[in-house]
Structures are given as structure tokens and as C-alpha cells.
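Visitor: predicted model and sequence follow; I will ask about them next.
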Amino acid sequence: MPSATNDFPMELRRYVEQEIIPQYAGFDKAHRVDHALKVIEESLKLAQHYEVDRRMVYVIAAYHDLGLCEGREFHHLVSGKILLADATLQHWFTTEQLVTMKEAVEDHRASNKQVPRSIYGKIVAEADRIIDPLVTLTRTVQYGLSHYPEMNKEQQYARFLDHLSEKYAEGGYLKLWIPQSSNAQRLEELRQLIAHKEELHKVFENIYSQEAGAMQY
């Protein structure tokens with residue numbers, strides 16, 4: 001857990017670490033505990049640039065994908081409901097704060113066409129992008145293998161290309177919200193790779209071989 005949380009109430013940290021984050025262990029490989037921890041870490045880094053309640057940022061990031069327990073399509077809305085319904089959080093936050101946190105969780109999804117309703121939503125949305133070309137490509141392959149196991153390699157590659165084009169390529173739906181983030185530069189690097197299909201295919205082949213092979217054990 002990031003040392004940046006050392007000044008938070010011990011009870012809050014213990015609750016999130018022991019009761020919330022472990023729930024990610026049951027999700028697909030692209031959204032497990034390491035993803036949750038990375039979004040928390042990045043959210044707290046971005047929060048340093050704004051006058052915000054860092055405890056709220058921490059909890060928003062920890063809860064942002066819990067709704068995957070009911071599927072991908074509406075996970076952002078389900079995650080918000082889970083956060084707002086968690087009576088334990090009332091020990092540390094007011095009703096007004098919890099509503100703001102719920103809305104931030106709802107607004108984090110990359111395909112959301114609306115601007116997040118608060119700086120808290122912008123922070124977690126930006127942190128969730130975690131644009132690192134290799135990580136992004138790996139997670140895309142992992143998601144395909146996990147959710148579409150019936151597809152062969154050629155079909156997986158077609159899905160891989162469609163997703164990258166729709167989300168990350170020029171004109172894609174991904175939006176960035178925090179100027180202090182390094183995501184803009186990384187997104188440009190990813191777009192350059194997407195534009196070079198031969199190199200992109202080589203990267204896919206390497207990732208697919210590793211991930212498909214790992215699933216056989």
C-alpha cells in the first residue's frame with residue numbers, strides 16, 4: 001500500500017486493505033489487485049496538485065472497479081452503488097462526501113461521454129487510464145482471452161485492433177482530464193505504435209503467446 005496513506009486513520013486503511021482491495025482478486029487479469037493498487041497510487045500522486053480530501057481520493061480509487069462483480073457494461077454505476085451503500089464508510093465521511101465519491105466512481109469510465117462532475121472524478125478517471133503502451137496492449141490481450149475464450153488467435157487480433165482503434169487511436173473516445181499527468185505523452189507513443197500495424201502485430205504475437213501459454217497451466 002502506498003506510504004502516502006500513512007497519515008490516514010488506521011481503521012480506514014485497515015478496512016480498505018483487508019475488506020475492499022482483496023475483492024479484486026476475483027476479477028479478470030486486467031483488473032486484479034495490482035490494478036487497484038496502481039490506480040490508488042496514481043490517484044494520490046495526482047491529488048497533490050489540487051486542494052482535495054486525500055482520504056476521499058483513496059477510497060474512490062479503491063472502489064472504482066468493484067462493480068465488475070456484476071459484469072463489465074455497467075460496472076461504473078454498480079461500483080458507485082456499492083460505495084454509497086457501504087455503511088462502514090459513514091465512520092469517516094459525511095453523506096455529502098459519500099455522494100461526491102459515488103459520482104466520481106460513476107464518472108471514471110473511459111467511454112463516458114460527459115466531463116466528470118468533480119475534480120475527484122477527473123482524478124480517478126485519469127489515474128485509471130494508466131497509459132503505458134506495453135501495459136495497455138497486454139491488458140487488451142488479457143481481457144480478450146478472459147472474456148472471449150472461444151475466439152482463435154486471428155479473431156483475438158481483430159478484436160484487439162478494433163478496441164485500440166475505438167479507444168486509443170486518433171479520434172478515439174479516450175479523454176484525458178489532468179494536465180499534470182504524463183498520460184498525454186504516453187498516449188502519443190501508443191498512437192504511433194497503433195499506426196505501425198506491422199510492429200503492432202509483432203507485439204501482439206509476443207503478448208498472445210505469453211498470455212495464452214500462461215492460461216494453460
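Guide: Received the coordinates, thanks.
Visitor: list the contacts of the most centrally placed residue in the chain.
Guide: The centroid of the chain falls nearest to Asp128 when counting by CA atoms, centre = their mean (3.5 Å). Asp128 sits next to Val39, His64, His108, Ala110 when contact means CB atoms under 8 Å, 6 or more residues apart in numbering. Using the backbone N, CA and C atoms, a C-beta is placed for each residue, glycine as well.
Visitor: kindly report the same for Gln142.
Guide: Residues counted as contacts of Gln142 (CB under 8 Å, 6+ apart) are Asp28, Lys29, Ala30, Glu211.
Visitor: 6 Å instead?
Guide: Listed by CB atoms under 6 Å, 6 or more residues apart in numbering, the contact partners of Gln142 are Lys29, Ala30, Glu211.
Visitor: with Ala184 instead?
Guide: Contacts of Ala184 were listed using CB under 6 Å, 6+ apart, and they are Leu176.
Visitor: if I look at it, how far off is Arg191?
Guide: Ala184 sits 11 Å away from Arg191, taking CB to CB, to the nearest Å as the criterion.
Visitor: which helix is the longest one in the protein?
Guide: Using DSSP state H to assign secondary structure, the helix with the most residues in the chain is helix 197-215.
Visitor: tell me which element Glu73 falls in.
Guide: Under the assignment given by DSSP states H and E, Glu73 is not contained in any helix or strand.
Visitor: about what we covered before: mean confidence score for the host helix or strand of the residue nearest to the centre of the chain?
Guide: Asp128 is part of helix 119-129 when elements are defined by DSSP H and E. Looking at helix 119-129 alone, the average pLDDT works out to 94.
Visitor: any regions of the chain where pLDDT drops low?
Guide: Filtered on pLDDT under 70, the chain yields the residue ranges 1-3, 215-217.
Visitor: can you give me the strands in this protein?
Guide: Listed in chain order, the strands of the chain (DSSP state E) amount to none at all.
Visitor: once you drop chain neighbours, what's closest to Asp86?
Guide: Excluding the flanking residues, the one nearest Asp86 by CB to CB, 6 or more residues apart in numbering is Tyr63, at 7.9 Å.
Visitor: now Glu19
Guide: Nearest residue to Glu19, sequence neighbours excluded (CB to CB, 6+ apart): Thr88, at 7.9 Å.
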